[in-house]
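# Take a look and give me a structure for this.
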Amino acid sequence: SAPAVTALLGSLLRQAGVDSGGAEAMARAVLGEIFAAAEWWSEHQTMSRPDFVAYLDDLLWPGLAATGIDRLTEPVDLSGIARLIGEVIGTILAEKGLRGIVVGYDGRLSSEKLAEGLTEGLVSAGVSVLNIGQVPTPLVYFASHNSEYSSGISVTGSHNPPDYNGFKIVIDGHTLSGDEITGIFERIVEKKVVKAQQPGHVSSKDIVPDYTRHIANDIQIDRRLKVVVDCGNGVPGAVAPDVLSAIGAEVESIYCEVDGNFPNHHPDPSQPKNLADLTGRLARGDCEIGLAFDGDGDRLGVVTKDG
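Below is the predicted model of the structure:
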């Protein structure tokens, strides 16, 4: 959020020796430049995303360099950032008397590493982790309702570009959002975390058979519907075709091999261009309906036979 980014920039500027008032003003100015440039790029998109990032770097750096801040020359330690987030969430769980949490991750190239760092932070706070591996986000929610733990985190960038990532966080059945997310950042900055004398333990479980069985016991279609499924190389490809088969559908799959590069099209069914292959397969074949999933499987696009 804007307040969190402003606070982070202000903290860095103060560490570099800028007085508090000047640091806050400069942080707001920098954020304003970023938002203005981002708005311009979203409207025009006359350069690639990497070129835009380089443009921002050139735009902002001269002013920041004058403060004495060292320029980042090494890659950001994503696992280390995830560990800090895990430490805070683990502390929150411990404060609520909750002793464990479910962790799963999508098929993005950075997700497993982020999940590892997150888990390290969680167990350092004395919280145990049930690792359910690479799964769609709904399976994390399912596991948090059907295991000994009522909390869960899905490491996922959802339908965003391949190099994006994030965390969907549920604590005791409540999804964190807004100020609660900003609060995690504030606790990281203020080092408001606990280090348990006895770390939590990590266990693993394949939740997919339980999930598939649960859905199939609840839903069976009246006739053998022919369905074509496009998962856009997102993590739903590892689960959705089997679940649909289990409820009685005849399934044809497109791009269901999990590949975090998303080589065929982006897994965002809200964009019509990403449905082109699915629509074409429906038009050419005998399938009756098409389903397209987003990157972590919690959004669905439905395409009829006539497109």
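# for the helix or strand containing E120, packing partners?
Per DSSP states H and E, E120 falls inside helix 111-124. Using 3 or more Cβ pairs under 8 Å, 6 or more residues apart in numbering; DSSP states H and E as the contact test, the elements touching helix 111-124 are helix 78-95, strand 100-105, strand 128-134, strand 152-155. Backbone N, C-alpha and C define where each C-beta goes, glycine included.
# Mind checking the pLDDT average for that helix?
Averaged across helix 111-124, pLDDT comes to 96.
# Also stretch 221-238?
Mean pLDDT, stretch 221-238: 96.
# Show the end-to-end separation of that stretch, please.
21 Å (Cα to Cα, to the nearest Å).
# give me every residue that touches P241.
For P241, the contact set (Cβ atoms under 8 Å, 6 or more residues apart in numbering) comprises V229, V251, S253, C256.
# re the thing from before, dump the helices and strands packed on helix 111-124 into a markdown table; add distance to V202, mean pLDDT and mean neighbour count as well.
Formatted as a markdown table, those follow (distance: least, Cβ to Cβ, whole Å; pLDDT from 0 to 100; neighbours: other Cβ atoms under 10 Å):
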| stretch | distance to V202 | mean pLDDT | mean neighbour count |
| --- | --- | --- | --- |
| helix 78-95 | 12 | 92 | 21 |
| strand 100-105 | 9 | 98 | 28 |
| strand 128-134 | 5 | 98 | 20 |
| strand 152-155 | 13 | 97 | 28 |
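# Of all these, which one comes closest to A240?
Closest to A240 of the helices and strands packed on helix 111-124 is strand 128-134 (Cβ to Cβ; 13.7 Å).
# between that closest one and helix 78-95, how many degrees?
140 degrees (axes from the mean of the first three to the mean of the last three Cα atoms, to 10 degrees).
# what helix or strand is V302 on?
Short version, using DSSP H and E: V302 is in strand 300-304.
# Over to D298?
Here D298 is assigned to no helix or strand, by DSSP H and E.
# That one touches V135, doesn't it?
No. Checked against Cβ atoms under 8 Å, the pair D298 and V135 is beyond contact range at 11.5 Å.
# neighbour count winner among those two?
Remark: of D298 and V135, V135 carries more neighbours, 27 against 18, as counted by other Cβ atoms under 10 Å.
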